[in-house]
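1. Kindly generate the corresponding structure for this input.
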Amino acid sequence: MYRKDGENYFIVDAHVALWDARPDNQRNIHGKQFIDCFYDYHRNLGPESEVWPYEEFLYYGGERLMKDLFVDGYVDHAIFQPARLGAFYDTGFGQTEEAFALTLKHPGKLTYNHCFDPRFEEAGLKRLREDAARFGLKGVKLYTAEWQGNSRGYKLDDPWTYRYLEACQELGIRNIHVHKGPTIRPLDRDAFDVADVDKAATDFTDLNFVVEHCGLPRLEDFCWIATQEPNVHAGLAVAIPFIHSRPRYFAQIIGELIYWLGEDRIQFSSDYALWTPKWLVERFVDFRIPADMDEYPQLTVAQKKKILGLNAAAMYGIEVPAEGRLPEPAVA
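-> All right, here's what the predicted structure looks like:
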């Protein structure tokens, strides 16, 4: 738990990964293109002091993850959001077995979400049901721009995707995390468009759609969708590092999200290992909207506490110790 100026902040890092992008796992040139693009984000958005050597970035392992998140990074609970990318990596990009083994070893600290791809049709539905039982899934992470055969993406409102979302309803998988943000080479930019969130959120009102990266660079489109769909939430992965590299841009992002969604539907995410949570948590707690951007009110301590952990904790049923909760509202 992070403590600053007499306040306690319960931290849930709602989007972390354990990946292997080493050359012997790269299936083709696209595997190298993907991790190199990741590394460019890592180098260019965060402080120079936080940049890892390239070889360490390719694979860092569970021991380092536990240290960076829970020893050094103030995190109380973290949620794995894996991307498979089987067209680019032999064993996948996100390492299912290693991540799930860590979750079993540290159940109070980690939650494992898995992934599905509706283009596998009936065989994939069978696998989803098996995965739900094995992993005890509360959520899934979808990568709508992932390549599969001749297909270079799918939509949330495709007929087969709807069948998978119906299965999620049956299986009690309530939290649908969707990458809708900046493209990553060689994936196609338009395959991450946010427009399909609108229809799916309308038709599956008992599911939570957490739009990771809050739709960037389509922030305005995302906000107009999310303001009318109360089951749409914003994940700050990729958005929050701008707190360092472009703080005024981050002020605009968080100001728009607060205006349109309110503080109850925004979740902190470091997107580890793109960035480590320590400096992001510290910067966010200290962050103030620039004085001349007065169309946006300053974030309150209570709003920061919700965004840093209490919102995701409520969604996933994570117990928050008394010292990390907000005071109960006064009874009139």
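2. Return the residues in contact with the closest residue to residue 21 other than its chain neighbours.
-> Leaving out its chain neighbours, the residue that sits closest to residue 21 by CB to CB, 6 or more residues apart in numbering is residue 35, at 3.7 Å. For glycine as for every other residue, the C-beta is placed from the backbone atoms N, C-alpha and C. Residue 35 is in contact with 21, 26, 57, 58, counting by CB atoms under 8 Å, 6 or more residues apart in numbering.
3. Sort out which of these are in strands and list them.
-> Using DSSP state E, no member of these falls in strands.
4. Among those residues, pick out the one closest to residue 263, please.
-> Nearest to residue 263 among the contacts of residue 35 is residue 57, at 32.8 Å by CB to CB.
5. Quick one: the strands in the stretch 201-332 of the chain, in order.
-> 208-212, 232-235, 266-267 (DSSP state E, counting those that start in this stretch).
6. most tightly surrounded among those strands?
-> strand 232-235 (a mean of 27; mean count of other CB atoms under 10 Å).
7. list the helices and strands that one packs on?
-> Identification of packing neighbours for strand 232-235 by 3 or more CB pairs under 8 Å, 6 or more residues apart in numbering; DSSP states H and E yields strand 208-212, helix 219-228, strand 266-267.
8. which residues are in contact with that strand?
-> Contacts of strand 232-235 (CB under 8 Å, 6+ apart): 14-15, 177, 197, 201, 208-215, 222, 225-226, 257, 261, 265-267, 269, 311, 315.
9. how far is that strand from where the chain is centred?
-> 9 Å (CA atoms, centre = their mean, to the nearest Å).
10. Give me the mean pLDDT for it.
-> The pLDDT scores in strand 232-235 average 98.
11. could you redo the strands of the stretch 201-332 of the chain as a markdown table and give each row distance to residue 122?
-> Formatted as a markdown table, those follow (distance: least, CB to CB, whole Å):
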| stretch | distance to residue 122 |
| --- | --- |
| strand 208-212 | 24 |
| strand 232-235 | 29 |
| strand 266-267 | 33 |
